[in-house]
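1. Fold the stuff below for me.
(chains A and B)
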Protein chains: 2
Amino acid sequence: MDPRVREHADIIVSHSVELEEGDDVVIHAPPVAEDLVVALYERIGDVGANPISLFGSDRAQRAYLKARDEFETPEHTLAMVKEADVHIAIRANRNVTETGDVDPETNAAYSKAVMPVREERLSKRWCLTQYPAPANAQLAEMSTAGYEDFVWDAVLKDWEEQRKHQEQLVEILDPAEEVRIVSGDTTDLTMSIDGNPTKNDYGEHNMPGGEVFTAPQPDSVNGEVLFDKPLYHQGREVENVYLEFEDGVVVDHSATKNEEVLTEVLNTDENARRLGELGIGMNRDIDRFTYNMLFDEKMGDTVHMAVGRAYEDTVGKDNERNDSAVHVDMIVDMAEESRIEVDGETVQKNGCFIFEDGFEE
Amino acid sequence: MDPRVREHADIIVSHSVELEEGDDVVIHAPPVAEDLVVALYERIGDVGANPISLFGSDRAQRAYLKARDEFETPEHTLAMVKEADVHIAIRANRNVTETGDVDPETNAAYSKAVMPVREERLSKRWCLTQYPAPANAQLAEMSTAGYEDFVWDAVLKDWEEQRKHQEQLVEILDPAEEVRIVSGDTTDLTMSIDGNPTKNDYGEHNMPGGEVFTAPQPDSVNGEVLFDKPLYHQGREVENVYLEFEDGVVVDHSATKNEEVLTEVLNTDENARRLGELGIGMNRDIDRFTYNMLFDEKMGDTVHMAVGRAYEDTVGKDNERNDSAVHVDMIVDMAEESRIEVDGETVQKNGCFIFEDGFEE
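-> Next up is the predicted model:
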C-alpha cells in the first residue's frame, strides 16, 4: 500500500473527525477505494471505535434508480445514521459517467427521499474525501500516478498553517454586509451576507479543505453570473451555466451543454432557485482544475456558489436559512479581470488578496 | 453480465426472502460480487423495496481485528439491523485466507460482541448465498468457469421439486426420538432429537439449500465422531476434527492440522462444547466438495453437525436450546460403510435413503 494512504487515513481520523474511543463510525466507500478503507480500519481499531462500511456501487445505484421513479426514506439507513457519531464518505470512481443515463427527475426524487438521512449525517462529525482512482485521473486528464501526487499534495499538508492563512479573509467577511463578485463582462452579482457567520474550512468536513464560505441572505442576490468552469453533476457535464437573479431568485438560466440537467436541479423544489452558499477557494496546492468539485472549489483564484441548501452553521440565528433537497456548487474563475468587493472595498483582484504580497487595487 | 447472475438474484428475491414492496433490505457483499449486487438492486427496484449495501472487505476486517483485542457491540449496526425487514449476505472472496493471521481468541471476542447483531438479523427474513469468485474456485481446485457452472447448477433449480424430495426425510425425523450416526470404525454417535422440529431447507435461508436439519437435545449426545472432510474456519483449514461426547459435552478433541483453531472455537463459551445442529445433506446437484460449508453440508451422502448455537426453529418449545456465540459446522462422509439409524431402524445406508431406489438394509 502506498504509504500516503495511511497518512491520508491518519489525517481524517486525527484531524478531520477527531475520532474518539467508543465512537460509532460509518464509512461510505466504493470498492476501488478499498486501500483507504483498510487504512481507516487500522486507525479506527487503534482508537477503539466501531466501524461499519457501506458499499458505494454506482452500478448498483444506477440499476436501482432505473427501475423506479418513486422513493421513500430508507428507515434502516436513517436508524443507523442516527445512532452513529461519525461519517466518513470516500469518493472514487471506476467510471465517472456511471449514472449518466439516469433521468434527472428520478435523481431529484431520490435526493428528496433521502434528505432526512443526509441532514442527520450532517448534524454529526463528518468528512468527505477523495481517493485517487484511475477514472478520476482520466476525468482530470492526468496519469493515475500524476493524479495520486495531486490528490495527496492537496491532502497531506499543514492544516494549522492553512487555517491561519484563511483566517485573514474570515476576519474581513464575518462582520461584512454586502459582497460583490465581478468577472469580465459576464459576471456582476451582489448579495447580502449580513449577520451570517463566515466559516474557515481547514480540512474538517472536506479533505482536502481550503476555502472560506458563508451563506447569502436568500432574498438578497441580484445580478448575473456565468460559471465558466464546467460542472459535473450526476455523471453529466454541464457547460457555461448562466444564472440571472432578481431578489434572490433565479429568473433566467441557460447552459451550452446538458442544460436540462441544470433545469432539473433548479426545479427540485422552491429553494433550489436560490443561493445557499458563497465560497472562496484558498488552497494554493490545488493548482489545476480536475472537474471534481471537492478540489476545484478549493482552488485559489476562484469563487463558487451553490444553489439550494445553506449549511446551518453559515446562517445567523435571526436570519432565514435556505433549505432544499439539493446543494449544487458552481465555479467562477477569478484569475483575470475579476474582483471581489466587500462593503465597497476591493479585497481580491485577479486572484490576489488584499493581505497578500502583490495586491493592488 | 452472465445471464445466470440475474436468475440468481431473481431466485433470492422471489423465492428465498419473498421480497415485498416497502421492505427495508440490507445486503452484505464483498466488492468481487458486485455483479450480483447490481442484479439484486434491479429486482429490489422492480419490487419497490429500499436497499442498503455493506462493504464486505476481509482486508479491512483483518486490519481492524489486528489492531484490537476487545470489542463492543456496534450500536449503529444494531439499529440498522433492527429496522430492516430482510438481510441478504453474499459470500465471495478474493483470497480465502485473508483473515488467516488473526488470533483465534480475537475472532472469538469479536464474534461475542456482534452476537446481538447476528441474533437480530436471524430473527428477520434472511438469505446467505455465494457468488462464484476466482478465489473460491481456487479453493475448490476448479477453473473459474467450471466453478461458475457448479455454483449456478446448485442454485438455479426447481426448489419445489427439491422440497418434496426432502420432505420424505422430514417425515421420518420429525416424530423420532433417537438418531445414531455410524461411519467406518471412527464415528458412532447417538443423540436425542425428541420434541425438536425437523426443518426442510429448500433454499430459503441458504441459497443453495438442500438439507434437512434439527437440533440434538443439548445433554443427549454420546459417542465419538471423526469429521473426515476438512473444515475451513476463519481462513484456516482444520483437518480430521475428532470429538468425543459424554452427556452432550465434548470431553476430548483433536485435529491433525490447526488444532488450536478448534480449541478456540470450543473455548468460546460454555455451550460451544455442545452440539447445536444435526443436518443431512440432500442436494444431489452438489456433486463434489469445494471446501465451502454452504455447499459441502448440502451434498448428498453426508451428515454435518455444528458445535454451538442451535437455531430457534429447531428447538421444541419445552426443550432446552443450546445458545452460544459460535455455530461451526463439520462434515462426515456417509458414502461408504455408513448408516443413519432412527429409533433403531436404518434409514440411510452408504448414502442411499430408505425412500430411494437401491436402498438395502
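2. Now do the helix or strand containing A:Glu119: which elements does it pack against?
-> Here A:Glu119, judged by DSSP states H and E, is contained in helix A:115-122. Under the contact definition 3 or more CB pairs under 8 Å, 6 or more residues apart in numbering or on different chains; DSSP states H and E, helix A:115-122 sits against helix A:75-83. (Each C-beta comes from the backbone N, C-alpha and C, glycine too.)
3. returning to that earlier point: output the helix holding A:Glu119 in PDB, but only the C-alpha positions, please.
-> Provided in PDB are the C-alpha atoms of helix A:115-122 (Å, rounded to 0.1, in the frame of the first residue of the first chain):
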ATOM      1  CA  MET A 115     -32.900  14.200   2.600                       C
ATOM      2  CA  PRO A 116     -33.600  13.100   6.200                       C
ATOM      3  CA  VAL A 117     -30.600  10.700   6.100                       C
ATOM      4  CA  ARG A 118     -28.400  13.500   4.700                       C
ATOM      5  CA  GLU A 119     -29.500  16.000   7.300                       C
ATOM      6  CA  GLU A 120     -28.900  13.600  10.200                       C
ATOM      7  CA  ARG A 121     -25.400  12.800   8.800                       C
ATOM      8  CA  LEU A 122     -24.600  16.500   8.500                       C
END
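4. Which is the succeeding secondary structure element to it?
-> strand A:125-130.
5. ok, that following strand: who's next to it in the sheet?
-> According to DSSP bridges, strand A:125-130 has the following sheet partners: strand A:86-91 (parallel), strand A:206-207 (parallel).
6. So what's the model's average confidence on it?
-> Averaging pLDDT along strand A:125-130 gives 98.
7. from the chain's centre, how far out does it sit?
-> Remark: strand A:125-130 is offset 10 Å from the chain centroid, using CA atoms, centre = their mean, to the nearest Å.
8. and if you look at stretch A:284-298?
-> 11 Å.
9. same check, this time on stretch A:108-122
-> Offset of stretch A:108-122 from its chain centre (CA atoms, centre = their mean): 16 Å.
10. From one end of it to the other, what's the distance?
-> In stretch A:108-122, first residue to last residue: 19 Å (CA to CA, to the nearest Å).
11. Do me a favour and average the pLDDT over stretch A:212-229.
-> Taken as a whole, stretch A:212-229 carries a mean pLDDT of 96.
12. same check, this time on stretch A:149-165
-> Rounded mean pLDDT across stretch A:149-165 is 96.
13. Kindly report the same for stretch A:30-39.
-> For stretch A:30-39, the mean pLDDT works out to 97.
14. residues of it that come out buried?
-> A:30-39 (16 or more other CB atoms under 10 Å in any protein chain shown).
15. do stretch A:257-271 as well
-> Here stretch A:257-271 shows A:258-259, A:261-262, A:264-266, A:268-269, A:271 as buried, counting by 16+ other CB under 10 Å.
16. now do stretch A:189-201
-> The neighbour-count check on stretch A:189-201 (16+ other CB under 10 Å) flags A:189-194, A:196-201 as buried.
17. Among these, which lie within strands?
-> Counting by DSSP state E, the buried residues of stretch A:189-201 place A:189-192, A:199-201 in strands.
18. any chance of these in CSV, with pLDDT and distance to chain B too?
-> Below are these laid out as CSV (pLDDT from 0 to 100; distance: CB to the nearest CB, whole Å):
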residue, pLDDT, distance to chain B
A:Leu189, 98, 40
A:Thr190, 98, 44
A:Met191, 98, 39
A:Ser192, 98, 40
A:Lys199, 96, 27
A:Asn200, 97, 30
A:Asp201, 96, 26
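19. Spit out the contact partners of the residue positioned nearest the centre of chain A.
-> Nearest residue to the geometric centre of chain A (CA atoms, centre = their mean): A:Leu294, 5.2 Å. A:Leu294 sits next to A:91, A:128-130, A:206, A:208 when contact means CB atoms under 8 Å, 6 or more residues apart in numbering or on different chains.
20. same thing with A:Lys298?
-> A:154, A:201, A:206, A:208-211, A:281-283, A:286.
21. Quick one: list the elements packing against the lowest-mean-pLDDT helix or strand in chain A.
-> In chain A, the helix or strand scored least confidently by mean pLDDT, DSSP states H and E is strand A:231-233, which has a mean of 83. Of the remaining helices and strands, those touching strand A:231-233 by 3+ CB pairs under 8 Å, 6+ apart are strand A:236-238, helix A:259-266, strand A:327-333.
22. Check which residues of that strand are buried.
-> A:231-233.
23. from those, which is closest to A:Asp103?
-> For those, the minimum distance to A:Asp103 (CB to CB) is 13.4 Å, reached by A:His233.
24. Would you mind measuring from that closest one to chain B?
-> Separation of A:His233 from chain B (CB to the nearest CB, to the nearest Å): 22 Å.
25. That residue is in contact with A:Glu260, isn't it?
-> No - using CB atoms under 8 Å, A:His233 is not in contact with A:Glu260, being 11.1 Å away.
26. Check A:Lys66 and give its pLDDT.
-> pLDDT, A:Lys66: 96.
27. Doesn't it lie inside a strand?
-> No - with DSSP: H, G, I helix; E, B strand; the rest coil as the criterion, A:Lys66 is assigned helix and is not in a strand.
28. Next up, phi/psi of the residue nearest to it when sequence neighbours are not counted, please.
-> Excluding the flanking residues, the one nearest A:Lys66 by CB to CB, 6 or more residues apart in numbering or on different chains is A:Val102, at 6.3 Å. Reported as degrees, to the nearest 10, the phi and psi values for A:Val102 are phi -90, psi 140.
29. thinking again about what came up before, same list (the strands paired with strand A:125-130) but as a markdown table, adding mean pLDDT and mean neighbour count.
-> As requested, the strands paired with strand A:125-130 are exported to a markdown table (pLDDT from 0 to 100; neighbours: other CB atoms under 10 Å in any protein chain shown):
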| stretch | mean pLDDT | mean neighbour count |
| --- | --- | --- |
| strand A:86-91 | 98 | 23 |
| strand A:206-207 | 96 | 23 |
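30. among these, which is nearest B:Phe359?
-> The closest of the strands paired with strand A:125-130 to B:Phe359 is strand A:86-91. By CB to CB, the value is 58.4 Å.
31. Understood, closing this out.
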